[in-house]
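Enquirer: sequence and computational prediction follow.
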Amino acid sequence: MAVADSMSSSTAEPTVIADRLDIIYKVIAGQGGKGTAATALRRILKRQDRPTIREVHAVKSVSFTANKGDAIGVIGRNGSGKSTLLRAIAGLLPPASGAVYTGGRPSLLGVNAAMMNDLTGDRNVVLGCLAMGMSPAEVQRRYDEIVEFSGIGDFIDLPMSTYSSGMAARLKFAIASAKTHDILLVDEALATGDAEFRVRSERKIKELRDQAGTVFLVSHSLEVVQETCNRAIWLDAGVLRLDGPVKEVVEAYIASTRAG
Ligand SMILES: Nc1ncnc2c1ncn2[C@@H]1O[C@H](COP(=O)(O)OP(=O)(O)OP(=O)(O)O)[C@@H](O)[C@H]1O
């Protein structure tokens, strides 16, 4: 297996270690509907069995070590387990077996990360920064920079419910990246921005890496991954197919999609 550039350095300092990680979702595979009295009655009338629990094995025995300064693109087809892996690293999903060890606190920045939709962008910036542990004085100091980075403009005074999904994602990224994270997990947030915002975000991620952070980036845009990351992990139906220098992994992935 190829070795990514930061891994080959003798000073490599691990920040995330996944050790034969398995994540299994348990879902109710009923005949539709929730477990209400009406659906139970319908089941009885139709003489159907109780809904069964189905397991979705989303991440299968995945192992890797991420180091300080790594920006790792996580690539793969729809449903290959990318978002699941990120949520597991963030500690939001319990492993069915195996483990994830993290040195530092991972912050997950997802497109669906909670923002208060009824509040203005302005209030969300303040609340988001406070929630990340900034002091009120620090929030005040960083405020202009965050709003400028987001490129939201005058919309900052309007409720977030009036934002397009791209605008909301930009503001979230601007808030999250205002802080130095030990481990920043970014799920598709960059895909929603326009070209100019993407360039700025890529620069920001590079800055975070330079500050000795580790970044994981889930993206369907192989271009974004190649521009931003030094390393890539390719997931295929939950299995780690390849882990190595970004160019090599992306090329192998493209070759496989052409072949298949
Ligand atoms: N909350 C959930 N409950 C049950 N199954 C889930 C849940 N979330 C994801 N899955 C399943 O786990 C598998 C991996 O999904 P995941 O969202 O991690 O893939 P992904 O690679 O991020 O996909 P995409 O590229 O489409 O965003 C899929 O089979 C999906 O159906």
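Expert: Thanks, I have it.

Enquirer: ok, the residue nearest to the spatial centre of the chain to the ligand distance?
Expert: In the chain, the centroid-proximal residue (Cα atoms, centre = their mean) is D187; its distance is 2.9 Å. Note on D187: its distance to the ligand, by Cβ to the nearest ligand atom, to the nearest Å, is 8 Å. C-betas here are computed from N, CA, C, even on glycine.

Enquirer: surely that residue meets L108?
Expert: Yes - at 7.0 Å, D187 counts as touching L108 under the criterion of Cβ atoms under 8 Å.

Enquirer: hey, what's in contact with both of these two?
Expert: Any residue near both D187 and L108 by Cβ atoms under 8 Å, 6 or more residues apart in numbering counts here, and that gives L86.

Enquirer: measure how buried T65 is and give me the count.
Expert: T65 has 16 neighbours, counted by other Cβ atoms under 10 Å.

Enquirer: who's in contact with it?
Expert: So T65 contacts 7, 14, 16-18 (Cβ under 8 Å, 6+ apart).

Enquirer: what's the helix or strand for Q226?
Expert: Q226 belongs to helix 222-228 when assigned by DSSP states H and E.

Enquirer: list the buried residues in that helix.
Expert: 222, 224-228 (16 or more other Cβ atoms under 10 Å).

Enquirer: and what of stretch 161-181?
Expert: 163, 167-179, 181.

Enquirer: filter the residues you listed down to the ones close to the ligand.
Expert: By Cβ under 6 Å from any ligand atom, no member of the buried residues of stretch 161-181 lies near the ligand.

Enquirer: and the gap between the residue of the chain most remote from its centre and I28?
Expert: Most distant residue from the mean C-alpha position of the chain: L45, 44.2 Å away (Cα atoms, centre = their mean). L45 sits 19 Å away from I28, going by Cβ to Cβ, to the nearest Å.

Enquirer: show me the strands in the stretch 51-200 of the chain, by range?
Expert: In the stretch 51-200 of the chain, the strands defined using DSSP state E, counting those that start in this stretch lie at 52-67, 71-75, 97-102, 106-110, 183-187.

Enquirer: and the fourth one with strand 183-187, angle?
Expert: Looking back up the chat, that one is strand 106-110. Here the directions of strand 106-110 and strand 183-187 differ by 20 degrees (axes from the mean of the first three to the mean of the last three Cα atoms, to 10 degrees).
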